[in-house]
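Peer 1: No sequence on hand, only this structure:
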């Protein structure tokens, strides 16, 4: 495929500058959400928002984005253990209705959006082993990132790497992973190349997967304060079998079974994605950034039905998406106390969608042929005002125009022309105040108003009749948050209380012959508390604890006081790390994860039970001249407990349960050679 280097048609900057405190590190990109990459004490304490920063290890069998995101307060991470479907993420209830992929959350890597213009996103194409840091922003200030920004997940590729060549091998009972990486760094430029192959037979029948990824990056220091970056990403998934979800009864009977429809219809998915991005960044007194990206994504998927009805979208799906974007921003320090930032973004995707009859694993007659266009144009403004050493105010505004158009080329008797278009003109605003009442303590309060427009898939069908569901409106949310932060020499802690009110939430209206339609019907109330503690207990022992309690309920009359499906009331995480004082660096890690029960439908007729897992890891490191060796051994789900990994919300066929694997043992070795 010759899609590696598309003629790039736009010039941009990384979407969404940080709503940061005054001090920012000049050598970091200004797209960082709120804090500098090192989570400096001054910035974190002065930020009127809930921000979590995780620096990631370089060893392990990283096969699921959920492995990197566990333990972040407010973020519910549900692994489907099904590579044909992405990890299910919801943050304070945003994104909980997603049946596939991720929506309601804004995703980006190195400032380049992973989310599509309509708000749909996925992390399955990301080379997880190259991620050095994750920042998660939740609460009112997240709405400043535009459509579907109930929260922001920002991934940063590991860049400051010594000149080395490294390889690694990781295996488990059913999985194998191989990697090779080359890094070269000089005084004024650096480059990195990484390749990965992953393969598994799955822990259930018809769950095999094969994934291949390649990433190449180059960075050049043009002047003392001007940097140019290029990055190429390629991901190929030639085999992703889908064992399908199970009913509650099936799961209780045998969580390792596969739904009979999976083999009958050979439910399988293949994907390929190519992307090229470039960034020009100036870090002087008035920093600015320009970036551009363009890519292509292709998906083929067989679903668990024929889709033979003339009004069906088909049971064998083919998608070809071309996308590109423009983004630019500049920051000014108007006075020693006041800074502001202006930016603009333009992102567009063109989808060619076709659907065919699934003749039990063979492609049949055409049932869908249409072009889907999505375009997003944004203008945004941020400001930060340091009134005094103790008091600071941050906020901003964003204006968004979303344009959707569907051009239907499959017009037959019984399937009339479904062409149409829909425009959304929306705005978001947020403001927050921070008060440093002691050197190590701060209190903050913030409020914001955001929105989430329907995705193209949600606009596609009416509950009755044919054509686009143009009556769908964007849901609106109003958020409030207040909390305390503490940053000491050997510990940090945060406590946040939040309240969210939304209207016109999207609910499933009907599902028939592969066509799922939606309606604006659900007003919701979400109130909760989040707590996080990181503490170095002794020189050898440290731990981290996070706890989220949320009461998420419908307020509309038809579903009054029913729990929001897909959202657990309780989510808890505890990690203990012990590093004995030995000549050979060794550490032991223990993790406990608990997630409460989850409603699977709007009317709360069924619940997935609570999940509890215990994981243990042993890691050792050895230096032999220029060689650095890393060994690790990991045991997941130590007690071999039957757990629900994720749920499929409002599944009309009753199969709402995605089982989690039982006990799994994995081991690995990586070898790094310093040039």
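Peer 2: All right, it came through fine. These numbers come from a predicted model, not from an experiment. Numbers count the residues shown, from 1 in each chain.

Peer 1: name the element the closest residue to residue 627 other than its chain neighbours belongs to?
Peer 2: Spatial nearest neighbour of residue 627, chain neighbours left out: residue 673 (5.6 Å); criterion: CB to CB, 6 or more residues apart in numbering. Every C-beta, even on glycine, is put in place using the N, C-alpha and C of the backbone. For residue 673, the host element (DSSP states H and E) is strand 664-674.

Peer 1: What segments of the stretch 101-250 of the chain are helices?
Peer 2: Along the stretch 101-250 of the chain, counting by DSSP state H, counting those that start in this stretch, helices occupy 248-253.

Peer 1: To clarify, my last question referred to the chain.
Peer 2: 41-45, 66-69, 248-253, 260-264, 456-459 (DSSP state H).

Peer 1: Please spell out which residues along the longest one are buried.
Peer 2: Okay, so that is helix 248-253. Buried residues in helix 248-253, defined by neighbour count with 16 or more other CB atoms under 10 Å: 248, 250-251.

Peer 1: So which residues make contact with that helix?
Peer 2: The contact list for helix 248-253 (CB atoms under 8 Å, 6 or more residues apart in numbering) reads 257, 259, 606, 608, 642, 644, 655-657, 659.

Peer 1: what about 6 Å?
Peer 2: Helix 248-253 has contacts (CB atoms under 6 Å, 6 or more residues apart in numbering) with 606, 657, 659.

Peer 1: re the thing from before, buried ones in the strand holding residue 673, by neighbour count?
Peer 2: For strand 664-674, a neighbour-count test (16+ other CB under 10 Å) marks 664, 666, 668, 670, 672 as buried.

Peer 1: Equivalent analysis for stretch 336-347, please.
Peer 2: By neighbour count on 16+ other CB under 10 Å, the buried set for stretch 336-347 is 339-341, 343-347.

Peer 1: Output those as TSV; include the columns distance to residue 265 and pLDDT.
Peer 2: Below are those laid out as TSV (distance: CB to CB, whole Å; pLDDT from 0 to 100):
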residue	distance to residue 265	pLDDT
339	57	95
340	55	94
341	51	96
343	46	96
344	46	96
345	40	96
346	40	96
347	35	96
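
Peer 1: In strands only, show me those.
Peer 2: Among these, DSSP state E puts 339-341, 343-347 in strands.

Peer 1: quick one on the thing from earlier: partners of the strand holding residue 673 in the sheet?
Peer 2: With DSSP bridges as the test, strand 664-674 is paired with strand 164-172 (antiparallel), strand 627-636 (antiparallel).

Peer 1: Dump these to a markdown table, plus mean neighbour count.
Peer 2: Output for the strands paired with strand 664-674, formatted as a markdown table (neighbours: other CB atoms under 10 Å):
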| stretch | mean neighbour count |
| --- | --- |
| strand 164-172 | 18 |
| strand 627-636 | 17 |
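
Peer 1: For residue 281, find the nearest of the ones you listed.
Peer 2: Nearest to residue 281 among those is strand 164-172; the distance by CB to CB comes to 24.9 Å.

Peer 1: Can you list the neighbours in contact with that closest one?
Peer 2: Counting by CB under 6 Å, 6+ apart, 61, 177-183, 664, 666, 668-674 sit against strand 164-172.

Peer 1: Residue 141 and residue 150, how far apart?
Peer 2: To residue 150, residue 141 is 12 Å away according to CB to CB, to the nearest Å.

Peer 1: Check residue 344 too.
Peer 2: Distance of residue 344 to residue 150, computed by CB to CB: 23 Å.

Peer 1: now this structure, which segments are flagged as low pLDDT?
Peer 2: Applying pLDDT under 70 to the chain flags residues 1-42, 57-60, 160, 465-466, 510-515.

Peer 1: Could you find the closest non-adjacent residue to the residue nearest to the spatial centre of it?
Peer 2: The centroid of the chain falls nearest to residue 107 when counting by CA atoms, centre = their mean (5.1 Å). Leaving aside its sequence neighbours, residue 107 sits nearest to residue 114 (CB to CB, 6+ apart; 3.8 Å).

Peer 1: So the one you found sits against residue 105, correct?
Peer 2: No - contact criterion CB atoms under 6 Å: residue 114 and residue 105 do not qualify, at 10.0 Å.

Peer 1: So between those two, which is more surrounded?
Peer 2: Taking other CB atoms under 10 Å, residue 114 and residue 105 do not tie; residue 105 has more neighbours (27 against 19).

Peer 1: List the beta-bridge partners for residue 590.
Peer 2: residue 576, residue 616.

Peer 1: For residue 438, state which of the ones in strands among the buried residues of stretch 336-347 is nearest.
Peer 2: Nearest to residue 438 among these is residue 339, at 25.0 Å by CB to CB.

Peer 1: residue contacts, that closest one?
Peer 2: Contacts of residue 339 by CB under 6 Å, 6+ apart are 333, 384.

Peer 1: gap between it and residue 330?
Peer 2: Distance, residue 339 to residue 330, by CB to CB: 11 Å.

Peer 1: swap in residue 320?
Peer 2: Residue 320 sits 36 Å away from residue 330, going by CB to CB.

Peer 1: Could you do residue 55 as well?
Peer 2: 29 Å.

Peer 1: who's more crowded, these two?
Peer 2: Using other CB under 10 Å as the criterion, residue 55 and residue 330 rank with residue 330 on top: 17 against 13.

Peer 1: The more buried one against residue 288, yeah?
Peer 2: Yes - Residue 330 is within contact range of residue 288, at 4.0 Å (criterion: CB under 6 Å).

Peer 1: Can you verify my assumption that residue 78 contacts residue 646?
Peer 2: Yes - taking contacts as CB under 6 Å, residue 78 lies within contact range of residue 646: 3.6 Å.

Peer 1: Find residues that contact each of the two.
Peer 2: Joint contacts of residue 78 and residue 646 (CB under 6 Å, 6+ apart) are residue 88.

Peer 1: Those two: which has the busier surroundings?
Peer 2: residue 646 (28 against 23).

Peer 1: List the contacts of that one.
Peer 2: Residues counted as contacts of residue 646 (CB under 6 Å, 6+ apart) are 78, 80, 88, 658.

Peer 1: switch the cut-off to 10 Å
Peer 2: 66, 76-82, 85, 87-89, 245, 566, 595, 598, 608, 611, 656-660 (CB atoms under 10 Å, 6 or more residues apart in numbering).

Peer 1: In strands, which of these appear?
Peer 2: Among the contacts of residue 646, the subset assigned to strands under DSSP E consists of 76-78, 88-89, 595, 598, 608, 611, 657-659.

Peer 1: Can you tell me which of those is nearest residue 460?
Peer 2: Residue 460 lies nearest to residue 88 out of the ones in strands among the contacts of residue 646, by CB to CB, at 21.6 Å.

Peer 1: correct me, but residue 544 touches residue 531?
Peer 2: No - the pair residue 544 / residue 531 is not scored as a contact, 11.4 Å apart, by CB atoms under 10 Å.

Peer 1: sorry, back to before: and the helices of the chain: which comes nearest residue 293?
Peer 2: Residue 293 lies closest to helix 456-459 among these, at 20.1 Å (CB to CB).

Peer 1: Point out the other helices and strands that the closest one packs with.
Peer 2: Taking 3 or more CB pairs under 10 Å, 6 or more residues apart in numbering; DSSP states H and E as contact, the helices and strands that helix 456-459 lies on are strand 338-358, strand 363-386, strand 391-408, strand 420-438, strand 515-536.

Peer 1: JSON lines please, covering these and showing distance to residue 453.
Peer 2: Output for the helices and strands packed on helix 456-459, formatted as JSON lines (distance: least, CB to CB, whole Å):
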{"stretch": "strand 338-358", "distance to residue 453": "13"}
{"stretch": "strand 363-386", "distance to residue 453": "9"}
{"stretch": "strand 391-408", "distance to residue 453": "5"}
{"stretch": "strand 420-438", "distance to residue 453": "5"}
{"stretch": "strand 515-536", "distance to residue 453": "12"}
